[in-house]
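*Asks:* Sequence first, predicted model second:
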Amino acid sequence: MEELTIALTKGRLADRTMELLTKAGYPCEEMKEDSRKLIFRNEDLKMNFFLSKGPDVPTYVEYGAADIGIVGSDIIMEEQRRAYEVLDLRFGKCRMCVAGPESARELLQHHEMIRVASKYPNIARDYFYNTKMQTVDIIKLNGSVELGPLVGLSDVIVDIVETGSTLRENGLTVLETVCDISARMIVNQVSMQMKAERITKFISDVRAAL
Ligand code: PRP
């Protein structure tokens, strides 16, 4: 049996992913233990699992360090790495939005030169420049992006909205929706050829468990 290495996204998606993989017949007991280990193995299945920061998952998959990755479609769009996107896992659902104070709505409508803060500069650039044909100033932040409009760094943000409570609690609102987001399975392009049978079976087992 060919070896298979899977890169998982640390945090919100990890538990849901392992639940799904277990249901599909690909459990990893080692991962349930409380430890500082980074790589986990299921010897019977000849599979390795590792957890990494979301934006690194497509990198591991593009370079073939992982055959398969499970990651949000926001990160796939932002990172623009080479990999096949093979399955929508239909969890981790949220929306990529333009958000800000209600007063910023007018700036968006009149295509003013505004400042946009985001952890997703590529998505923000693509949306404003290519979809809306609006020239904006994009400022990359690394987290707590909602601070941008609150402290006067930016007029609006482009960020993920799940329950909407972060926006609500900070007096901000969704002004426009960029796209829907969910967790996806991606596959290294060479692995897809070299381990075709094993990976095709893996995809269909996971699809059946959805
Ligand atoms: C994400 C996102 C929003 C929040 C949205 O941040 O950037 O801030 O979750 O979720 P909600 O609509 O349910 O409130 P995350 O928790 O990943 O932290 P970060 O902003 O520090 O990256």
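*Replies:* Here it is on my side, so go on.

*Asks:* Identify each buried residue in stretch 10-19, please.
*Replies:* Using 16 or more other C-beta atoms under 10 Å as the burial criterion, the residues of stretch 10-19 that qualify are 13, 17, 18. Using the backbone N, CA and C atoms, a C-beta is placed for each residue, glycine as well.

*Asks:* looking only at pLDDT, what's the mean for it?
*Replies:* Mean pLDDT, stretch 10-19: 93.

*Asks:* Determine how far it lies from the middle of the whole chain.
*Replies:* Relative to its chain's centre, stretch 10-19 lies at 12 Å (C-alpha atoms, centre = their mean, to the nearest Å).

*Asks:* Is the ligand within reach of it?
*Replies:* No - using C-beta under 6 Å from any ligand atom, stretch 10-19 never reaches the ligand; the gap is at least 7.3 Å.

*Asks:* just curious, which of the buried residues of stretch 10-19 is nearest to residue 110?
*Replies:* The nearest member of the buried residues of stretch 10-19 to residue 110, counting by C-beta to C-beta, is residue 13 at 37.9 Å.

*Asks:* Not counting sequence-adjacent ones, nearest residue to residue 173?
*Replies:* The spatially closest residue to residue 173, leaving aside those adjacent along the chain, is residue 102, at 5.7 Å (C-beta to C-beta, 6 or more residues apart in numbering).

*Asks:* What separation is there between the one you found and the ligand?
*Replies:* Using C-beta to the nearest ligand atom, to the nearest Å, we find residue 102 at a distance of 17 Å from the ligand.

*Asks:* okay but that residue is in contact with residue 174, surely?
*Replies:* No - counting by C-beta atoms under 8 Å, residue 102 stays clear of residue 174, with 10.5 Å between them.

*Asks:* Between those two, which is the more surrounded one?
*Replies:* residue 174 (14 against 10; other C-beta atoms under 10 Å).

*Asks:* For the more buried one, which residues are in contact?
*Replies:* Residue 174 sits next to 95, 97, 98, 99, 161, 164, 167 when contact means C-beta atoms under 8 Å, 6 or more residues apart in numbering.

*Asks:* from those residues, which would you call buried?
*Replies:* Neighbour counting by 16+ other C-beta under 10 Å classes 95, 97, 98, 99, 161, 167 among the contacts of residue 174 as buried.

*Asks:* got a list of what the fourth one touches?
*Replies:* The reference is to residue 99. 146, 156, 157, 158, 159, 161, 167, 172, 173, 174, 175.
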